[in-house]
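Visitor: only the shape, not the letters, is given here:
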Ligand SMILES: [Zn+2]
C-alpha cells in the first residue's frame, strides 16, 4: 500500500489531471490532517480536532461543507459506507479529495477533502470538483466489502481474481469483470504490473505516461492509466456525466461496460439529477 500512496502523491507531476489520489495518508510530509468527524447514517458526529491552528473557518462551517458534498452523491451508498469525514491539507491544488477504507474489511470508509481547494459557492457548478467527487465515489462502490475480500496474497497470482490494494476482488465484482474485459486481453495487466513494480518513482512515472500514450484510445484520461482501479473510477465518472458513446474505441467500451448493471444505471441517474 505504501508504494501506491507514494505514487499517488507524486503522480501529479506527470498526470496533470490528478487531483484526486485514492489514498492520501501523509507519507512524505505534504499532507496535514486538520480534523476528523465520525459519521452515522450520513450525519456528522464526534469531532477530533488535530490541528487547531489550521483552517478554522472550514472547521467552523463543516456542517455546510459536508451537506454540499452529500447533495451531490447518492445518500444510500454514502450512509452505508462513509463513516468518517476528514479535513486535511497540502496547500492549494494537488490533493483535492480522497477516500480510504478505515480497516481491512473495506466495510467503512473515510472521505477526505482539502478545504484550501473547496470551491467557493455552489459546488455543483465546479466541474473539477464534481469530477473528483464522482471519481472518489466510484472507488467506494467498486472497492467496498461487497466487491473485495481481505487477502494475505502479496502478488497477483490468481488469473481469475484481481488483487487490489484492498484485497482480492470477488469473481463477479465490477473491478474483476472490468479487468477481465479490458486488462487481461493483450497482456495489458502484465505490462502494467511490471511498471508498477519499478522502484525508481521518476522512471515509473515516465513509463506510465508512455503506457498511456501507447494506448491513448483505451484510456479516458491520462490518470486512468495509473492503475486498473483508477481506470475504473475514471470510466465510472464518464459513464455518469456523458451520454452513451456512439464511437467504438476501447475507452467508449469502458463507459458502455457500466450499462450492464442496473443498480449503477440508477446511481448514474441519481447523480445526474443532483448535479443538473
Ligand atoms: Zn482515484
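Guide: Yes, it's here. What you are looking at is a predicted structure, and each value in this text was computed from that prediction instead of being measured.

Visitor: can you name the residues of the stretch 151-276 of the chain that neighbour the ion?
Guide: With C-beta under 5 Å from the ion as the criterion, the stretch 151-276 of the chain comes near the ion at residues 230, 233. (Each C-beta comes from the backbone N, C-alpha and C, glycine too.)

Visitor: and the strands in the stretch 151-276 of the chain?
Guide: 163-164, 167-169 (DSSP state E, counting those that start in this stretch).

Visitor: ok now the first one, how far from the chain's centre?
Guide: This means strand 163-164. A distance of 15 Å separates the centroid of the chain from that of strand 163-164, by C-alpha atoms, centre = their mean, to the nearest Å.

Visitor: ok, residues contacting it?
Guide: 143, 148, 151, 153, 155-157, 169, 175, 229 (C-beta atoms under 8 Å, 6 or more residues apart in numbering).

Visitor: now with 7 Å, please.
Guide: Under the contact criterion C-beta atoms under 7 Å, 6 or more residues apart in numbering, strand 163-164 has outside partners 143, 148, 151, 153, 156, 175, 229.

Visitor: my read: the second one touches residue 171, true?
Guide: No - in this structure residue 148 lies outside contact range of residue 171 using C-beta atoms under 7 Å: 11.5 Å.

Visitor: those two: which is more packed in?
Guide: Using other C-beta atoms under 10 Å as the criterion, residue 148 and residue 171 rank with residue 148 on top: 26 against 12.

Visitor: identify, by residue count, the longest helix of this structure.
Guide: Assignment by DSSP state H gives helix 127-143 as the longest helix of the chain.

Visitor: let me see the mean pLDDT of the helix or strand that that one is followed by.
Guide: For helix 127-143, the succeeding helix or strand toward the C-terminus, using DSSP states H and E, is strand 148-149. The average pLDDT for strand 148-149 rounds to 96.

Visitor: same check, this time on stretch 197-208
Guide: Average pLDDT, stretch 197-208: 92.

Visitor: quick one: the strands in the stretch 1-150 of the chain?
Guide: Remark: strands assigned in the stretch 1-150 of the chain by DSSP E, counting those that start in this stretch are 32-40, 43-49, 82-89, 97-101, 109-113, 148-149.

Visitor: among the ones you listed, which is nearest residue 244?
Guide: Closest to residue 244 of the strands of the stretch 1-150 of the chain is strand 97-101 (C-beta to C-beta; 27.1 Å).

Visitor: what about that closest one and the ion, any contact?
Guide: No - counting by C-beta under 5 Å from the ion, the ion has no neighbours in strand 97-101; the shortest distance is 7.6 Å.

Visitor: sheet partners, orientation included, of that strand?
Guide: strand 109-113 (antiparallel) (DSSP bridges).

Visitor: do the partner strand and the ion meet at all?
Guide: No - using C-beta under 5 Å from the ion, we find that strand 109-113 stays clear of the ion, coming within 12.2 Å at best.

Visitor: now the angle from that strand to strand 82-89?
Guide: 30 degrees (axes from the mean of the first three to the mean of the last three C-alpha atoms, to 10 degrees).

Visitor: chain center to strand 109-113: distance?
Guide: That offset, for strand 109-113, works out to 10 Å (C-alpha atoms, centre = their mean).

Visitor: no more questions from me, cheers.
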